[in-house]
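Trainee: Any chance you could fold what I've pasted below:
(chains A and B)
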Protein chains: 2
Amino acid sequence: MFRINDHYLKLKAGYLFPEISRRVKQFAEANPDASLIRLGIGDVTEPLTPSVIKAMHDAVDGMATHDGFHGYGPEQGYSWLREVVARHDYQERGCQIDAEEIFISDGSKCDTGNILDILGAGNRIAVQDPVYPVYIDTNVMAGNTGKADDSGEYQGLIYLRADETNQFQPALPDEPVDVIYLCYPNNPTGTAADRTVLERWVQYARDNKALILFDAAYEAFITDPKLPRSIYEIPGARDVAIEFRSFSKTAGFTGTRCALTIVPRDLVGRDSGGDPVQVHKLWNRRQSTKFNGVSYITQRGAAATYTEQGRKEVRQRIGFYMENAAIIRKALGSMGWKVFGGIHAPYVWVRVPGGMDSWGFFDKLLNEAHVVGTPGSGFGRSGEGYFRLSAFNSRAKVEQAMERIAKKLG
Amino acid sequence: MFRINDHYLKLKAGYLFPEISRRVKQFAEANPDASLIRLGIGDVTEPLTPSVIKAMHDAVDGMATHDGFHGYGPEQGYSWLREVVARHDYQERGCQIDAEEIFISDGSKCDTGNILDILGAGNRIAVQDPVYPVYIDTNVMAGNTGKADDSGEYQGLIYLRADETNQFQPALPDEPVDVIYLCYPNNPTGTAADRTVLERWVQYARDNKALILFDAAYEAFITDPKLPRSIYEIPGARDVAIEFRSFSKTAGFTGTRCALTIVPRDLVGRDSGGDPVQVHKLWNRRQSTKFNGVSYITQRGAAATYTEQGRKEVRQRIGFYMENAAIIRKALGSMGWKVFGGIHAPYVWVRVPGGMDSWGFFDKLLNEAHVVGTPGSGFGRSGEGYFRLSAFNSRAKVEQAMERIAKKLG
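Mentor: I've put the predicted structure just below:
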């Protein structure tokens, strides 16, 4: 008789985005003529850039010929892609990361989940709250938590609270932890971390031999050149951190699928006997055995974002979305609402006005302004009373959404 | 102090294909003028077909426009792809599989590994021997085995022996098992299974409430229309089997990455309390949480293999490789060697002549004929004394390889 993984049964049924879809669908059926504006899920809306399009056409043409055909590629990614990433994203910013420490993958969502494969049982896991739900759900699946309590929080997980009282920068844990998920610029709060914040975490991890899982999916949205874009800009981070990056939001690859994970060779964990084990070797074995690399065509497209023209195009796309974010910040701020984020991140984190709860405000915004956002409580307890709006939409839609909100809720 | 997954430390260091690469590299350095012919790793060599190329160009063009841009797609795959797969690969062959039971993924190697995420601890696992090494290694990583013994076999795994004495069709296990990996047409032996063979396995699984993980990556190479191409052609299989298929070998997608996994809604496992749990729901949750779908461009390419013209092109490619297989069979057979497989599979499984062992023969073939194959012992104990040659190469290279073997080893 075969057994299933019981831990899956602990997962809460009402996952955030399906619940949003359900309510939106219900509204749309009841109001077929309403024109909805979606500022909810963080999906890009601008087309792939000309450099990427050209590189992908060329790659497809290559695949049509015997000479240009590519079969199995390296599971870790093609060296021409790993090398440009190492140079432009790391070495040019003073980070000592080389090409062999970069693993190209099909998504940061996949990698932040799969990384648990190489970690042992019994690690004490800390997450920021509010949080990207995937970090939590994958730990539940892996058996790293107990059951959910009435508030939906899982026993055994350590929640690091982030709200206005601490400027959305959680304090260091007051109990020992072994693995810490950090996301900067943060999803959902849009908060960036300066060097002081990251130095404190790196020091904590070094002192406690803890592992930092650093999700930098939104690093390209940082506008202040003084802010660190990578955890490896902090001295000592190579010993304690794995970093995740993605082409999804920067180059518009949400439907094209390319990301990367950095595992420095200096990072060492312990086996159950306390002996040191190089984590790079484990991740390499995991990827070689359970993954088969990213499409050649996709990798050619990703590499094209590093040419001079390609980088210019990516900056233009990001600038466009950040102008949207500024429009949202300005419009809501001028209504007297408290807004956070949206300066170094494509997310604006709004204090729900009038003391309403997050889902109540979701329904009000949907029903009255026909605008879809994301209720903060969906990201965790500390998100209650907040609301996330995404800057990913056309200029016209963003402006129209702000006009409607001002008119109906102002 | 963070802990790593100790089970990784049980993995044998000398994985098959890296060891082959090492020996080939050594030979090439010592013999820089030798022209090597590679019939080792099962990677395709023919370009993508015209229908696929056109569909991918069209998809790339779409991604360059606001209207044709695709961001996040469904994690399970686009319904237009799932539906053509359900119709052509299943319903037209009498299998009751619908689109929602089909999960599009980036590779069967990934899925055969990831499927263990949703299975519990304590399942007794059986594999055919010789075997595709990924099934074993992923079970070691998941903690489903003990340590390797001196022969390289893992404690706790049940090896189902396949050799000439049983026509490469292993007997049913003589001890209870919960999960059985079956690969037909088989990698590495090239053996196909008729209805009687599959009926026996389905009956066994039903009697023992066991799960069959059925790897059908090579089904398109079956030439006899009477042979089943899917486990679901066997009545009762919907309750006991998950099937894996791939576009890698059929449509030449090894470097393009697209595959599919079928999880019927009738398949039910047990939790540790013995209560029934629908496996489809678990896999859907796993894929929604730890995966983000396959590239839109890739899926458009995959869908193009189902048009009338697309199917004709795929049949042509497969026919080409199968002619190669026939050439290999004939050449080696006429030298008096015993050859198996290569009729319903792109692999020819050769009894090593002269009582040499598999690695000895590998070295001899490399050094004397400059041909690279795969030593049977790399696939497990029952592969010792055998050798795998792949039909994936150009006609000229295959013919030249056979001439060299006849001349040097004949």
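
Trainee: Show me what residue of the stretch 301-410 of chain A gets nearest to chain B.
Mentor: Residue nearest to chain B within the stretch 301-410 of chain A: residue A:394 (7.6 Å; Cβ to the nearest Cβ). C-betas here are computed from N, CA, C, even on glycine.

Trainee: so, in contact with chain B or not, stretch A:48-61?
Mentor: Yes: Stretch A:48-61 reaches chain B (Cβ under 8 Å from any Cβ of the partner chain) through A:48, A:50, A:53, A:56-57, A:60-61.

Trainee: So, low pLDDT: which residues of the stretch 151-300 of chain A?
Mentor: By pLDDT under 70, the stretch 151-300 of chain A has no low-scoring segment.

Trainee: Write out the residues of it neighbouring chain B.
Mentor: Within reach of chain B by Cβ under 8 Å from any Cβ, the stretch 151-300 of chain A has these residues: A:178-179, A:208-211, A:252, A:254-257, A:269-272, A:277, A:279, A:282, A:285-286, A:288-298.

Trainee: correct me, but residue A:104 touches residue A:79?
Mentor: No: judged on Cβ atoms under 8 Å, residue A:104 makes no contact with residue A:79 at a distance of 10.1 Å.

Trainee: Of those two, which one has the most company?
Mentor: Remark: of residue A:104 and residue A:79, residue A:104 carries more neighbours, 26 against 14, as counted by other Cβ atoms under 10 Å in any protein chain shown.

Trainee: The residues of stretch A:48-61 next to chain B in helices, which ones?
Mentor: Within the residues of stretch A:48-61 next to chain B, residues falling in helices by DSSP state H are A:50, A:53, A:56-57, A:60-61.

Trainee: Please identify the one among those residues that lies nearest to residue B:218.
Mentor: residue A:60 (25.9 Å; Cβ to Cβ).

Trainee: Could you report the neighbour count for the closest one?
Mentor: The local packing of residue A:60 (other Cβ under 10 Å) involves 25 other residues.

Trainee: May I see the ChimeraX selection of the buried members of the residues of stretch A:48-61 next to chain B?
Mentor: Entered in ChimeraX, the line below selects the buried ones among the residues of stretch A:48-61 next to chain B, by 16 or more other Cβ atoms under 10 Å in any protein chain shown:
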select /A:48,53,56,57,60
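
Trainee: can the residues of stretch A:48-61 next to chain B go into CSV with extra columns for pLDDT?
Mentor: CSV is the format used below for the residues of stretch A:48-61 next to chain B (pLDDT from 0 to 100):
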residue, pLDDT
A:48, 98
A:50, 98
A:53, 98
A:56, 98
A:57, 98
A:60, 98
A:61, 98
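
Trainee: any chance of the residues of stretch A:48-61 next to chain B in a markdown table, plus distance to residue B:303?
Mentor: Compiled in a markdown table, the residues of stretch A:48-61 next to chain B are given as follows (distance: Cβ to Cβ, whole Å):
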| residue | distance to residue B:303 |
| --- | --- |
| A:48 | 20 |
| A:50 | 26 |
| A:53 | 20 |
| A:56 | 18 |
| A:57 | 19 |
| A:60 | 15 |
| A:61 | 20 |
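
Trainee: pLDDT value on residue A:12, please?
Mentor: You'll see residue A:12 listed with a pLDDT of 84.

Trainee: hang on, isn't it packed against residue A:148?
Mentor: Yes: the pair residue A:12 / residue A:148 is scored as a contact, 5.7 Å apart, by Cβ under 8 Å.

Trainee: ok, so what distance separates residue A:406 from residue A:331?
Mentor: Using Cβ to Cβ, to the nearest Å, residue A:406 is found at 6 Å from residue A:331.

Trainee: out of those two, which sits in the more crowded spot?
Mentor: Taking other Cβ under 10 Å, residue A:406 and residue A:331 do not tie; residue A:331 has more neighbours (20 against 14).

Trainee: for chain A, which helix is longest?
Mentor: Under DSSP H, chain A gives helix A:308-334 as its longest helix.

Trainee: packing partners for it?
Mentor: If contacts are counted by 3 or more Cβ pairs under 8 Å, 6 or more residues apart in numbering or on different chains; DSSP states H and E, helix A:308-334 sits against helix A:50-63, strand A:339-341, strand A:347-351, helix A:395-409.

Trainee: tell me which residues form a beta bridge with residue A:125?
Mentor: Note on residue A:125: beta-bridge partners residue A:179, judged by DSSP bridges.

Trainee: Tell me how many other residues surround it.
Mentor: By other Cβ under 10 Å, the residues close to residue A:125 number 24.

Trainee: who's in contact with it?
Mentor: By Cβ atoms under 8 Å, 6 or more residues apart in numbering or on different chains, residue A:125 lies in contact with A:139, A:144-145, A:156-158, A:177-179, A:181.

Trainee: let's see 7 Å
Mentor: A:139, A:144, A:157-158, A:177, A:179 (Cβ atoms under 7 Å, 6 or more residues apart in numbering or on different chains).

Trainee: Just the buried ones from those, in PyMOL syntax?
Mentor: Of the contacts of residue A:125, the buried ones can be selected in PyMOL as follows, counting by 16+ other Cβ under 10 Å:
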select buried, chain A and resi 139+144+157+158+177+179
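
Trainee: In helices, which of the contacts of residue A:125 appear?
Mentor: Assigned to helices by DSSP H, the following of those qualify: residue A:139.

Trainee: Make JSON lines out of the contacts of residue A:125 and add distance to residue B:73.
Mentor: Formatted as JSON lines, these follow (distance: Cβ to Cβ, whole Å):
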{"residue": "A:139", "distance to residue B:73": "26"}
{"residue": "A:144", "distance to residue B:73": "29"}
{"residue": "A:157", "distance to residue B:73": "30"}
{"residue": "A:158", "distance to residue B:73": "34"}
{"residue": "A:177", "distance to residue B:73": "36"}
{"residue": "A:179", "distance to residue B:73": "31"}
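
Trainee: quick one, what contacts the spatially closest residue to residue A:321 that is not a sequence neighbour?
Mentor: Nearest residue to residue A:321, sequence neighbours excluded (Cβ to Cβ, 6 or more residues apart in numbering or on different chains): residue A:391, at 4.7 Å. The contact partners of residue A:391, by Cβ under 7 Å, 6+ apart, come to A:321-322, A:324-325, A:328, A:342, A:346.

Trainee: Swap in 6 Å and give it another go.
Mentor: A:321, A:324-325, A:346 (Cβ atoms under 6 Å, 6 or more residues apart in numbering or on different chains).

Trainee: Identify the farthest-apart pair in the residues you listed.
Mentor: A:324 and A:346 (7.9 Å).

Trainee: about what we covered before: and which of the ones in helices among the residues of stretch A:48-61 next to chain B is nearest residue A:360?
Mentor: Residue A:360 has its nearest neighbour among those in residue A:53, at 43.4 Å by Cβ to Cβ.

Trainee: ok, that closest one touching residue B:64?
Mentor: Yes: between residue A:53 and residue B:64 there is a contact under Cβ atoms under 6 Å: 4.5 Å.
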